[in-house]
Structures are given as structure tokens and as C-alpha cells.
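1. Predicted structure and sequence below. I'll ask about it afterward.
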Amino acid sequence: MAARSAGVLTVSDRCSKGEANDTSGPNLVRLINSSKLGFNDVLTKCVPDEAELIEAALLDWADRAGLSLVLTTGGTGFSPRDVTPEATKKVIERDAPGLSIAMITKSLEVTPMAMLSRLTSGIRRSTLIINLPGSKKGAEECFNFALPSLSHALDLISDVSSRVDHTHNSMQVHGGHTCGHGKYHSTTKTIGRTKEDFYPVAMRPRQSPYPLLSVHEALQVVMEKIPEQQSTELRNLEDALDRVLGESIIASQPFPPFPASIKDGYAVISSDSSTERDVLAPVTAGESPQSGQCVLIGTVARITTGAPLPGGADAVVMVENTELLASSDDGTVEKKIKILSNVQSGEDVRSVGSDIAKGETVLERGTVLGPSELGLAASVGMERINVFKTPLVAVMSTGNEVVDPGSNLAPGQIYDSNRHVLLAAVRKNGFKGLDIGIAPDTREKLVEKIAAGLEKADVLVTSGGVSMGEKDLLKPVLVKDFSANIHFGRVFMKPGKPTTFATVERNGKLKLIFALPGNPVSSTVTFQLFVLPALRKLAGHPNPSSVTIKAQLKSRVSLDPRPEYQRVVISDWSTVPPTVESTGLQRSSRLLSMRGATGLAVLPPMDEGGKTGMEPGEIIDLILM
Ligand SMILES: Nc1nc2c(c(=O)[nH]1)N[C@H]1C(S)=C(S)[C@@H](COP(=O)(O)OP(=O)(O)OC[C@H]3O[C@@H](n4cnc5c(N)ncnc54)[C@H](O)[C@@H]3O)O[C@H]1N2
Ligand code: MOO
Ligand SMILES: [Mg+2]
């Protein structure tokens, strides 16, 4: 028999306020557990006699948790607060009056008061909901009257595969709600499983409901979700390296601002044909020519590279092309020289604005600011420049087994490497990282940490908890507790299949969530493939994609059924194209395969053209890291 879960909902104002002890609910749990109905666990909950709360609890158990049987106890009489049947009728899709009739008929044999019972029964999707009276005795009697038919009823209703499907559909559908049943109820107690689970383990989907996207499709989805960056901030030049310029920089001054010598030598008049020339006072860089000094026919002025050309001169002759004819006795003054070369007008002189004209755009908006670009900004006198804001990226690890390096490992534990890789990768690429720490695999802790990350950061990168295990809670938490939109939950690639991308509105802003797989190589590779281009786009980069070149294989590689991103080093740059060599065993857990890797070799899946491997010399795409 397929595993089943049940729920017992106690409806009572007094019990819910703690003014009375709930005896009927626990008694029904006992009866269910001692029956042969085969329930693995029984959820319990107590709500006041409020139709909305009753309805929400029933919807939660039927749609989200996919329980097979829900018994309510209480709220079925004639008093004005008795509204359980009304709430139940709102929830059920199909009536099951026979059960109610049988229970009431049999109860009449015990007490005529059974006439005042308004028990309702019915089916919602694959959940049978039965109202029972509020008294412990009455509820037990009615349960026992219904019991003989229940096993068969549940078999008829249940269809495990459809239930699994609907659990997941409703996960998606109700994930968008923030009201009532979509939220986490801390009052929910469970028996036989922990409250952080979203449904009993045996009812977990046996196939992921998320379609497998190609890497290309997934990347397209990510990039489409990211709006063009518009916000800028003023930064000092020294704090702007690797940032993207938010507004074009236009030269307000010409450069050079004066006609400047290109050589160390003499400022001359090019048309002067005198064989001997008197040497005037020198002009060196940083000085302005002595006032009134002018080069006349028969004279030259000593000049250094970068110094302003004195009046009258129109060319510079380098010192190597001159001969000294006379100097002072102590050698501190040159008096006469001879020019040995033919001089052209303008020779070795940079005219005003010849490097940068006034009004010229020296840097376009969207330029990535490397050292030279910062220098250009400086050369036109900018001290502070407008750059696009960069995202703050929160990084968090998940997993009960994961602990910080430095602590002692208890049995079953491992050290957290992912957070260190991801934070370093964020920072190395010029983005701001925020360390959120490690969240154990519980719904509460995940909610707490994710909320902390989303509060401050623009992007949240998590690792672990996105695959098919019962402790893989990231996706359901994102959907249920954050009303996140999961844009994809699986990618056809190795490593990184369960890579998940979601967005969520927080404080009026769109936040991106990359829930990367836990395996250390998987999280690193998927960060490279999906997160980095996204961060670059968020930071205003004009070309956010990773750089891909062609390369050839040094050795044979076997192909995987999934397109694979093998870690390689460039072993020979001299071949055309360069040759790459694998970093060894490519298992997703082996971070050593990342050590020293210069790129990711993109290998096609095995079944493309029936190939099982690629031979030495074959050409592949190489994504540079
Ligand atoms: N039934 C299936 N099982 C798995 C599938 C599948 O398709 N069906 N996919 C496998 C693939 S592919 C991957 S990748 C992993 C991804 O798993 P999760 O994202 O759920 O990650 P965890 O289960 O939490 O951890 C996986 C692995 O990584 C270790 N880990 C986790 N966090 C860290 C960390 N911060 N530092 C170092 N190592 C970490 C963890 O201990 C596990 O060994 O799922 C496969 N399963
Ligand atoms: O895709 Mo997983 O990343 O193979 O190990
Ligand atoms: Mg897992």
C-alpha cells in the first residue's frame, strides 16, 4: 500500500486559547494510529471556531500537504459559533453524504441528540474530509462507525502519481499566495515527521516537476529577468577600477593645453637657416616660458619633453641632432649650437588638443574602467566619476552536515567550502559580497537566513538543498515562504543539473536568487555560467557574457549523457587553437578538479551523433575563467 498521511483538526475556541485541554484530537490520532489504515504519520492542528481559519487549514492539508484523510472534531452543532460544516462545504469538491448518514444513523442508536449533528463529509482532490463531533466520546464513536469503509474509500480516492503531481502543481500555484494556507504556521504540530517538511517523505515527488532547460535557454531566462542598470553613484577614481562608467566623459579642456615639445632639445624656427644659433634661457616641463622670451631668427631655446613651446618657435630639434659650439667656462650654460638636421615646421611639437580635442568624448557610457580608462578620466581632470551601482551579493551555504572550517568535525559533518569559493568569486570579479553563513536544512532556519540575505542584498546565492532529497528544501521554501517565482529548477548540464533561479519582490525591488547545487564543483561551475553574467549585467557591463574561445583537446575524453563543462588547463598556447588538458577526475564533489583550471571545456552530450567520446585534436568551445 502506498504511504499515507492523515490530519486531525480540532475546532474549538477554548482549546485554541488554551482554556481547555484538547482530548478529542489526540484520541483521534491514537485511533488512526491503532487502525489498520496504514498511516505513516498524523498531523494535528487546533483552530478556533472561525470559518476562514478552518477553511485555510483544510486547504493547506489537502492542497499543499496532500493528506489522504482529514478528520475534524468540533464545531458541528447548532450553536452560532459552530461553522465547521460550512467551512468544510466550501473546501470539498465532491460530497460524500453516505459517511455522514451512516455516522448519524448509528449515533442515533446511542443518543437522540445525534439528530442535532450536522456532520459533513466530502472529497477535495485526493483528500477525504470527515467532520466528527467535538466530544471525545462522540468523535470516537463516529470514527468507529465510519472505519469499516475507510480503507477502501481511501484506496479509491488515492492515486499516488496524480497526488504527487498535484502536490507539486499546488506548490507552484499556491506559492504565489501570501495569505492563509500558503504561509508557514508555527502552531502546526506533526506526529511522525518534522514540521519543516512540506509533505510526508513518501509523498515527495518521485520526478522533479521542473523542466530541464538547456544551458542556453536558462542563461537567456536569467538575462531577460535582469533590467538594464540605470542607477549610478559618484566614485573617486581610485575606487572605480573595474566598474562601468554611468555617463560619458567629455573633455572640457584640450590636451595638451599648450603646444608641447615631444623631445628634449631646442625650440627653433623651422624656416631659420642660420648656421650658428644663440641659445636662450631654457624651458623645462612644468614651467611656463620666461615672460617676454621669444625665439627669434638666429636663436633657439633649450627645451625638455613636455615643456611648452616658447613664442616664436614652431619646431623642436632633438639634442642628438645638434652640435655644441660654445659654452660658459664652468659648463653650466650653453651659448651657441649648430643644427645638424633639416627641420620641418611642427616637427616634434604636439599642438594644442592634438591628443584630446576640447569637447571630445574620451569615454563612452558603459565603458569598463580599466587602468587606462581611469587614466583618461584623470587626464581630462575628473576626480570623481559616475559609475553604475554594483550588486551586493549575499552568499549562504545550506546543509545540516556543513560546518565552518576551524571547528571539529562531528561524525557525518564536512567543512563548508562553497561559501568561501562563492564569496571569493564574487569579490574577485569586483562585486560586493555579504556572508550570510550556513543554514541547516530546516524550513525555519532557511527562512530566517534567506530573509536576512534578501533584506540587504540585491542577489542571493545559496548552495545545496535543491535536488530530490527530503532535506532539499530550498525550492519549496522559496515558493511557499517567499512567494518567489522559480524561473527554472533544472538545467541539462553536468555538473549543475538542479541549478535553480528565482526572483522575488522585496522592499519594492526585484531580487535575484541563484540556488546552486551543493556539490562544490557544481556550485562553482554554475556560478561561472549563470551568476557571473547576471552580476555583470546588473553592474551595467555592455558584454556580460563569459569569454569563449576555440581550443583543441590534448587527450581523448568520454562524453556524458548531459552536456558537460569539464575543467581544463591550457597546456599549450603555441598550437592553433590552443590545446587543453583535463584537470583529472571530473566528479562534482572533487573540488581538486577546479584547482588551477583556466577554463571550462564545453563537451556535447554523448548521444549527439552517436559519439561516445572526443579524440585528441578535436575542437571544442572553451569558456575562459
Ligand atoms: N535522486 C536524485 N538525486 C540527486 C540528483 C538527481 O537528479 N536525482 N541530482 C544530483 C546532482 S546532479 C547534484 S549536483 C546534487 C545536488 O544536490 P543539492 O543541491 O540538493 O545539495 P545537497 O544535497 O545539499 O548537497 C550535495 C553534496 O554537496 C555537499 N555540500 C553541500 N553544501 C556544501 C558546502 N557548503 N561545502 C561543501 N560541500 C557541500 C553535500 O555534503 C553533498 O555531498 O544532488 C544529486 N542528487
Ligand atoms: O549536476 Mo550534479 O552537479 O552532476 O553533480
Ligand atoms: Mg540534495
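-> All right, it came through fine. Ligands and ions are numbered 1, 2, ... in the order given.
2. From here on, just use CA atoms for contacts and neighbour counts.
-> Noted.
3. Tell me how far residue 531 lies from residue 501.
-> 10 Å (CA to CA, to the nearest Å).
4. Look at residue 196 and report its pLDDT.
-> Here, the pLDDT recorded for residue 196 equals 46.
5. Mutual contacts of residue 531 and residue 501, please.
-> Counting by CA atoms under 8 Å, 6 or more residues apart in numbering, the common neighbours of residue 531 and residue 501 are residue 514.
6. Can you give me the domain boundaries for the protein?
-> If you go by automatic domain parsing, the domain ranges for the chain are 4-159, 238-253+360-385, 260-350, 392-538, 548-624.
7. Ok, which of these comes nearest residue 201?
-> Nearest to residue 201 among the domains of the chain is domain 392-538; the distance by CA to CA comes to 6.2 Å.
8. quick one: is the closest one near ligand 1?
-> Yes: for domain 392-538, a contact with ligand 1 is found by CA under 6 Å from any ligand atom, at 397-399, 402, 415-419, 463-468, 472, 496-497, 517-520, 522.
9. Enumerate every residue touching residue 95.
-> 121-123.
10. could you dump those to CSV with pLDDT, distance to ligand 3 and neighbour count?
-> Below are the contacts of residue 95 laid out as CSV (pLDDT from 0 to 100; distance: CA to the ion, whole Å; neighbours: other CA atoms under 10 Å):
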residue, pLDDT, distance to ligand 3, neighbour count
121, 97, 39, 24
122, 97, 37, 22
123, 96, 34, 22
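11. Would you map the helices across this structure?
-> Along the chain, the stretches classed as helices by DSSP state H are 13-17, 24-34, 51-59, 84-91, 97-108, 136-157, 160-175, 215-225, 371-379, 418-428, 443-456, 474-482, 520-526, 532-538.
12. any idea how far the first one is from the chain center?
-> A distance of 44 Å separates the C-alpha centroid of helix 13-17 from that of its chain, computed with CA atoms, centre = their mean, to the nearest Å.
13. which of the residues in it are buried?
-> 13, 15-16 (16 or more other CA atoms under 10 Å).
14. Same question for stretch 111-120.
-> Neighbour count says stretch 111-120 has 114, 117-120 buried, by 16+ other CA under 10 Å.
15. do the same with stretch 548-559
-> So, applying 16+ other CA under 10 Å, buried residues of stretch 548-559: 548, 551-554, 557, 559.
16. What of stretch 492-505?
-> For stretch 492-505, burial by neighbour count (16+ other CA under 10 Å) applies to 492-504.
17. what two of those residues are the furthest from one another?
-> Most distant of the buried residues of stretch 492-505, by CA to CA, are 494 and 504, 27.0 Å apart.
18. and residue 473, how far is that from residue 453?
-> 17 Å.
19. Among the contacts of residue 95, which ones are in strands?
-> Cross-referencing the contacts of residue 95 against strands under DSSP state E gives 121-123.
20. Could you point out which of those residues is nearest to residue 355?
-> Closest to residue 355, out of all of those and judged by CA to CA, is residue 123, at 81.9 Å.
21. Go through the buried residues of stretch 111-120 and flag which are in strands.
-> Among these, no member lies in strands (by DSSP E).
22. contacts with ligand 1 among these, please.
-> Counting by CA under 6 Å from any ligand atom, no member of the buried residues of stretch 111-120 is near ligand 1.
23. Which residue, other than its chain neighbours, is closest to residue 269?
-> Leaving aside its sequence neighbours, residue 269 sits nearest to residue 313 (CA to CA, 6 or more residues apart in numbering; 4.8 Å).
24. that older thread, list only buried entries from the residues of domain 392-538 next to ligand 1.
-> 397-399, 402, 416-419, 463-467, 472, 496-497, 517-520, 522.
25. Give me the below-cutoff pLDDT ranges for the stretch 251-400 of the chain.
-> 289-291 (pLDDT under 70).
26. mind listing what the residue of it at minimum distance from ligand 3 touches?
-> Residue nearest to ligand 3 within the stretch 251-400 of the chain (CA to the ion): residue 399, separated by 8.7 Å. Under the criterion of CA under 8 Å, 6+ apart, the neighbours of residue 399 are 438-441, 464-465.
27. Can you report how many residues lie near residue 153?
-> By other CA atoms under 10 Å, the residues close to residue 153 number 13.
28. now it: how far from ligand 1?
-> 32 Å (CA to the nearest ligand atom, to the nearest Å).
29. cool, residue 92 as well?
-> 34 Å.
30. That residue: what's it in contact with?
-> Taking CA under 8 Å, 6+ apart, one finds 122-124, 129 in contact with residue 92.
31. Near ligand 3, which residues of the stretch 451-600 of the chain are found?
-> 465, 467, 469 (CA under 5 Å from the ion).
32. so where is the stretch 501-625 of the chain shaky, pLDDT-wise?
-> In the stretch 501-625 of the chain (pLDDT under 70), the answer is 608.
33. which residues in it form strands?
-> Under the criterion DSSP state E, counting those that start in this stretch, the stretch 501-625 of the chain contains strands at 509-516, 548-553, 557-558, 564-572, 579-582, 599-603, 613-614, 619-624.
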